[in-house]
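1. turn this into a structure:
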Amino acid sequence: MTSASGAAALPTLAALASDGRRIVMLTAYDYPSGRVAEEGGVDVVLVGDSAAMTTLGYATTREITLDELLMLTRAVRRAVQRVPLVGDLPFGSYEQSSESAVATARRFVEEAGCDAVKLEGAGAMAARVRAIVAAGIPVIGHVGLLPQSVTSPDGYRARGRDAEQALAIIEGAKELEAAGCAALVVEAVPSEIGALITERVSLPVIGIGAGAATGGQVLVYHDLIGLGEGHRPRFVRQYATARETLVSAVRRWADDVRTGRFPSDDEGYGMPAEELAEVRERLGER
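-> A predicted model of the protein is given here:
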């Protein structure tokens with residue numbers, strides 16, 4: 001891959017940002033959700049490490065393995081053909097060294113067909129960004145709440161509510177821009193901080209719980225369609241009740257099976273009477 005560094009590395013996002021259009025990013029975790037996302041008209045699809053919880057049943061994002069996430073990403077790539085696909089580098093696959101970060105990023109591009117990768121954090125992670133970008137792979141950064149740093153479900157809380165933490169997040173965003181990120185995800189910070197970050201960097205800023213002033217928004221697929229369980233973050237607006245619909249469908253089908261209403265004669269296959277007669281004759285039936 002020979003993409004240039006910076007915002008130009010993802011021309012679709014750069015063009016949307018320069019035109020003042022808000023970027024729509026949605027996660028997907030398999031072929032069906034990838035198809036829904038693309039047909040729904042999103043601008044970019046992210047195979048998030050949130051798959052750990054939404055798809056694989058883990059308690060935190062830290063538990064999903066690189067091979068698991070690559071398998072899911074390949075499935076999404078088969079579904080998504082018209083918009084950029086971004087792969088989330090999982091916990092433990094890039095932090096140790098720039099060499100490991102580049103190797104992981106290359107697997108997402110070469111094995112899963114990603115157009116870019118995403119990683120969490122600034123500071124030391126800026127060096128990882130520089131190395132991946134130097135290898136010709138666009139990177140989306142991530143500041144604010146960093147899910148990979150959360151070790152238990154009760155750790156998913158907003159960040160940057162005090163001045164020191166807010167300033168550190170803003171500085172981190174600037175570090176990631178300088179390192180060559182093509183875009184930035186800002187998660188679970190006060191709306192005012194989301195606005196300050198957006199004002200102070202030139203790359204596209206995509207918020208999730210960061211207010212309306214960012215240059216775009218991302219949501220988790222399961223949250224948007226109401227397919228998840230448990231606590232719903234305050235920044236989630238649910239546009240469907242898929243879980244209720246699906247559970248109801250299964251319950252109605254199960255009841256039809258138990259009462260003999262399913263399957264009906266029309267839902268089975270028949271065969272010519274003479275063929276059935278021959279079968280019975282050969283079985284010794286009269």
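
2. quick one: the helices in this structure?
-> Taking DSSP state H to define them, one finds helices in the chain at 11-18, 31-39, 51-54, 66-79, 98-110, 125-134, 163-179, 191-200, 221-225, 242-259, 273-282.

3. residue 31 against residue 81, yeah?
-> No. Assessed by CB atoms under 8 Å, residue 31 is found out of contact with residue 81, at 11.8 Å. Every residue, glycine included, has its C-beta placed from N, CA and C.

4. low-confidence ranges, this structure, go.
-> 1-9, 286 (pLDDT under 70).

5. which segments of it make up each domain?
-> In the domain annotation for the chain, the residue ranges read 7-240, 245-282 (automatic domain parsing).

6. for the shortest one, buried residues please.
-> In terms of neighbour count (16 or more other CB atoms under 10 Å), domain 245-282 has no buried residues at all.

7. among the domains of the chain, show me which one is buried the most.
-> domain 7-240 (a mean of 20; mean count of other CB atoms under 10 Å).

8. hang on, the earlier thing: can you redo the helices of the chain as JSON lines with distance to residue 210?
-> Below are these laid out as JSON lines (distance: least, CB to CB, whole Å):
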{"stretch": "helix 11-18", "distance to residue 210": "16"}
{"stretch": "helix 31-39", "distance to residue 210": "21"}
{"stretch": "helix 51-54", "distance to residue 210": "21"}
{"stretch": "helix 66-79", "distance to residue 210": "24"}
{"stretch": "helix 98-110", "distance to residue 210": "25"}
{"stretch": "helix 125-134", "distance to residue 210": "19"}
{"stretch": "helix 163-179", "distance to residue 210": "10"}
{"stretch": "helix 191-200", "distance to residue 210": "3"}
{"stretch": "helix 221-225", "distance to residue 210": "15"}
{"stretch": "helix 242-259", "distance to residue 210": "25"}
{"stretch": "helix 273-282", "distance to residue 210": "67"}
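
9. for the ones you listed, which one sits closest to residue 154?
-> Closest approach to residue 154 among the helices of the chain is made by helix 51-54 (13.7 Å; CB to CB).

10. ok, residue 184 to residue 92 distance?
-> 22 Å (CB to CB, to the nearest Å).

11. nope, residue 83 is what I was after
-> 28 Å.

12. do the same with residue 186
-> Taking CB to CB, one finds residue 186 at 23 Å from residue 92.

13. do residue 231 as well
-> 26 Å.

14. now residue 185
-> From residue 185 to residue 92 the distance is 19 Å (CB to CB).

15. what about stretch 231-250, how long is it end to end?
-> 23 Å (CA to CA, to the nearest Å).

16. list the contacts for the residue nearest to residue 145 when sequence neighbours are not counted?
-> Among residues not flanking residue 145 along the chain, residue 188 sits closest, at 3.7 Å (CB to CB, 6 or more residues apart in numbering). Neighbouring residues of residue 188 by CB atoms under 8 Å, 6 or more residues apart in numbering: 144, 145, 156, 157, 158, 159, 208, 209, 210, 233, 235.

17. reformat those as JSON lines; add distance to residue 14.
-> Below are those laid out as JSON lines (distance: CB to CB, whole Å):
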{"residue": "144", "distance to residue 14": "22"}
{"residue": "145", "distance to residue 14": "25"}
{"residue": "156", "distance to residue 14": "31"}
{"residue": "157", "distance to residue 14": "32"}
{"residue": "158", "distance to residue 14": "29"}
{"residue": "159", "distance to residue 14": "27"}
{"residue": "208", "distance to residue 14": "20"}
{"residue": "209", "distance to residue 14": "24"}
{"residue": "210", "distance to residue 14": "20"}
{"residue": "233", "distance to residue 14": "29"}
{"residue": "235", "distance to residue 14": "25"}
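
18. let's see which of those residues end up in strands.
-> Among the contacts of residue 188, the residues falling in strands (DSSP state E) are 144, 208.

19. quick one: residue 112 and residue 67 touch, right?
-> No. Residue 112 lies out of contact with residue 67 (CB under 8 Å); the separation is 11.0 Å.

20. return stretch 109-118 as CSV; C-alpha atoms alone will do.
-> C-alpha atoms of stretch 109-118 as CSV (Å, rounded to 0.1, in the frame of the first residue of the first chain):
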residue,chain,number,x,y,z
VAL,A,109,-4.3,-4.5,5.1
GLU,A,110,-3.0,-7.7,3.5
GLU,A,111,-5.1,-10.4,5.1
ALA,A,112,-8.4,-8.5,5.7
GLY,A,113,-8.3,-5.9,3.0
CYS,A,114,-8.5,-2.8,5.2
ASP,A,115,-8.0,0.7,3.9
ALA,A,116,-6.8,2.0,7.3
VAL,A,117,-6.3,0.9,10.9
LYS,A,118,-7.2,2.5,14.2
